[in-house]
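Engineer: Sharing a sequence plus its predicted fold:
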Amino acid sequence: MTPAPEPLRVLVSRSARDRLAPQIANVLGARPHALLTPDDPQAAQAEVAFVSRDITGLSTKHQVLPATQQVYDLLRAAPRLRWVHIHSAGADRPVYVELRGRGVQVTTSSGANAPVVAQTALLGLLALARQWPRLLAAQREHRWAPLIATGLPRDLQGQTAVIVGWGPVGQEIGRLLGALGLKLVVVRRQAGTTNTPRLRTVATAQWLEVLPTADWLVLACPLTPETRELVDAKALALLPAHAGLVNVARGEIVDEGALVQALREQRLAGAYLDVFATEPLAADSPLWDLPNAIVTPHSAGFSDGNEPRVARMFLDNLARWNAGEPLLNVVPKTAD
């Protein structure tokens with residue numbers, strides 16, 4: 001008699017198990033499987049893991065809370081682990097880098113929150129363009145301060161936005177800004193041709209050449225060795241004084257000290273920052289109090305629609321895994 005095949009062991013959070021168990025069973029069909037939660041004695045025997053948002057919770061890359069650390073420790077200790085799907089678009093947390101280093105496939109949910117992140121980036125850009133920090137400061141002081149008395153905002157139409165990164169987020173930001181009449185310059189690893197009006201691409205190697213033409217520098221790229229501190233003092237010095245920076249990518253892409261100095265000296269008009277070199281942002285960071293900076297706590301992608309979109313991506317990839325087909329959104333050695 002042929003022995004029964006071992007079940008496919010899938011590590012999921014308790015919440016994900018309760019929500020997705022029927023859908024996982026439907027995807028796997030007749031294949032035996034076991035859904036293991038982090039407190040299961042067999043959790044370290046998982047071959048597949050789904051790291052949903054509730055696992056990371058309020059943890060950051062730099063400050064990992066105990067419940068999240070428990071799952072990370074399980075992933076590191078799982079000798080049979082072959083594939084991990086994560087809720088985020090970025091996979092630069094140390095645990096994912098380590099897993100990839102030992103041959104585990106890591107897939108992301110790139111694109112799941114792209115519209116939400118792009119809308120937040122647009123919000124930050126519009127707030128700076130329409131001088132919202134100045135207006136809010138006047139509101140708190142109960143002071144009537146029409147912009148006609150303090151300097152009229154510049155028309156957005158016809159301005160140039162340099163977008164670094166052309167993945168799902170960058171493309172959606174480009175679509176929104178294009179609809180407002182901005183000209184777009186896209187920075188990616190390699191320059192390409194495009195038939196889209198008011199859009200051209202340049203290679204990262206030539207990106208400094210376009211900075212003097214930028215009214216807005218928008219960061220939507222992954223963190224890689226090539227993009228770490230890409231926006232340094234030299235790059236900031238090439239931007240016009242009226243330019244603004246929008247960062248919804250990763251904080252480490254910007255030299256934070258150089259940015260603070262440029263904002264303080266008004267060599268840069270303003271910045272909207274959702275990500276930081278170290279998170280949470282330290283309470284004594286000067287960024288909190290700069291009148292030309294808008295700071296939000298890495299929340300650009302949060303939305304109540306993200307969870308089902310991420311789950312759908314995991315289930316689609318699980319179907320591919322079960323069928324022996326290539327997975328989608330596999331983290332490559334380098335990313336655009």
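Structural biologist: Cool, got the structure.
Engineer: contacting residues around the residue lying closest to Glu6 once chain neighbours are set aside?
Structural biologist: Closest residue in space to Glu6, ignoring its immediate chain neighbours: Pro32 at 7.4 Å, by CB to CB, 6 or more residues apart in numbering. Where C-beta positions appear, they are placed from N, C-alpha and C, glycine not excepted. Contacts were defined as CB atoms under 8 Å, 6 or more residues apart in numbering; by that measure Pro32 touches Ala4, Pro5, Glu6, Pro7, Leu8.
Engineer: ok, now how distant is Pro32 from Pro7?
Structural biologist: 4 Å (CB to CB, to the nearest Å).
Engineer: same check, this time on Leu239
Structural biologist: Leu239 is 56 Å from Pro7, where distance means CB to CB.
Engineer: same thing with Leu20?
Structural biologist: 16 Å.
Engineer: now Gln131
Structural biologist: Between Gln131 and Pro7 the computed distance is 60 Å (CB to CB).
Engineer: And what about the residue nearest the centre of the chain, helix, strand or coil?
Structural biologist: Nearest residue to the geometric centre of the chain (CA atoms, centre = their mean): Ala249, 4.8 Å. For Ala249, the secondary-structure state derived from DSSP: H, G, I helix; E, B strand; the rest coil is coil.
Engineer: cool, and Arg200?
Structural biologist: Strictly by three-state DSSP, Arg200 counts as strand.
Engineer: nearest residue to it other than its sequence neighbours?
Structural biologist: Val185 (5.8 Å).
Engineer: now the helix or strand containing the one you found, how far from the centre of its chain.
Structural biologist: Taking DSSP states H and E as the criterion, Val185 maps to strand 183-188. When C-alpha coordinates are averaged (CA atoms, centre = their mean, to the nearest Å), strand 183-188 and its chain have centres 18 Å apart.
Engineer: Repeat that for stretch 78-97.
Structural biologist: 15 Å.
Engineer: just to revisit the earlier point, look at the residue nearest to the centre of the chain and report its pLDDT.
Structural biologist: You'll see Ala249 listed with a pLDDT of 98.
Engineer: cool, Ala191 as well?
Structural biologist: Looking at Ala191, the pLDDT reads 76.
Engineer: Could you report the neighbour count for it?
Structural biologist: 16 (other CB atoms under 10 Å).
Engineer: Isn't it up against Trp207?
Structural biologist: No. With contacts counted by CB atoms under 8 Å, Ala191 stays clear of Trp207, the gap being 10.0 Å.
Engineer: OK, contacts around Gly57?
Structural biologist: With CB under 8 Å, 6+ apart, Gly57 has these contacts: Leu65, Ala67, Thr68.
Engineer: redo that, cut-off 10 Å
Structural biologist: Contact analysis of Gly57 by CB atoms under 10 Å, 6 or more residues apart in numbering lists Ser13, Leu65, Ala67, Thr68.
Engineer: Quick check: the gap between it and Gln70.
Structural biologist: 12 Å.
Engineer: Could you do Val218 as well?
Structural biologist: For Val218, the distance to Gln70 (CB to CB) stands at 37 Å.
Engineer: Give me the more crowded residue out of these two.
Structural biologist: Val218 (31 against 14).
Engineer: Let me know the secondary structure of that one.
Structural biologist: Using three-state DSSP, the secondary structure recorded for Val218 is strand.
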